[in-house]
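**Student:** Provide a 3D model corresponding to the input given below.
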Amino acid sequence: MTKRIVLSSDHAAIELRQTIARHVTVLGYEAVDIGPTSPESTHYPLHGQAAAERVASGDCALGIILCGTGQGIMMAANKVEGIRCGVCSDTFSAKMIRAHNNAQILSIGARVVGDSLALEIVEAFLATEFEGGRHATRVDMIEGA
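**Tutor:** Residues are numbered from 1 along each chain as shown. Purely as a prediction, here's the structure:
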């Protein structure tokens, strides 16, 4: 079964988001690109929330969201109940937010990393599974359990 990955961004990251969408498709995932497609200024909180809601509802297994720094859109996504999203600008962090934090959404700053590094970060995020164990206890603490 193909895992569905939702992708969204603000206006600052449209091209990188589309590059990532094509790449995850090549990796065997179904890319659900919810835009935007127009270069006019948009509000990143709306796009972060929309992507996070797709993951929280179970419509998509994982998400990748982008804005200029990755920070603002990540903050918006984390407002959605049950979502854990982290900003990554390196592959080690991308692995760790999956392995230790069971993050379902990756945020990338399009003005922070180049295309090649962004694709490596995406691959690291997608290739890593949650380790559970002592990390599950900590994720439960984040969730308020």
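**Student:** Residue ranges in the chain under the pLDDT threshold?
**Tutor:** For the chain, the stretches with pLDDT under 70 are 1-2, 145.
**Student:** Okay, strands next: where are they in it?
**Tutor:** Using DSSP state E, the strands assigned to the chain run over residues 4-9, 30-33, 62-67, 85-87, 105-109.
**Student:** Dump these into TSV; add mean neighbour count and distance to Ala56 as well.
**Tutor:** C-beta: built from backbone N, CA, C; applies to glycine. Formatted as TSV, these follow (neighbours: other Cβ atoms under 10 Å; distance: least, Cβ to Cβ, whole Å):
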stretch	mean neighbour count	distance to Ala56
strand 4-9	26	11
strand 30-33	18	14
strand 62-67	29	10
strand 85-87	23	11
strand 105-109	28	10
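**Student:** Throw those into a markdown table and include distance to Ala94, thanks.
**Tutor:** Shown next, in a markdown table, are the strands of the chain (distance: least, Cβ to Cβ, whole Å):
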| stretch | distance to Ala94 |
| --- | --- |
| strand 4-9 | 14 |
| strand 30-33 | 18 |
| strand 62-67 | 10 |
| strand 85-87 | 8 |
| strand 105-109 | 6 |
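**Student:** quick one, helices of this structure?
**Tutor:** Applying DSSP state H to the chain gives helices spanning 14-26, 44-56, 71-77, 91-99, 115-127, 134-143.
**Student:** What residues does the nearest residue to Asn78 once chain neighbours are set aside make contact with?
**Tutor:** With sequence-adjacent residues excluded and distances taken as Cβ to Cβ, 6 or more residues apart in numbering, Asn78 is closest to Cys85, at 5.2 Å. Residues in contact with Cys85 (Cβ atoms under 8 Å, 6 or more residues apart in numbering) are 48, 52, 63, 65, 74, 77-78, 103-107.
**Student:** ok, now how distant is Cys85 from Ala21?
**Tutor:** Distance of Cys85 to Ala21, computed by Cβ to Cβ, to the nearest Å: 18 Å.
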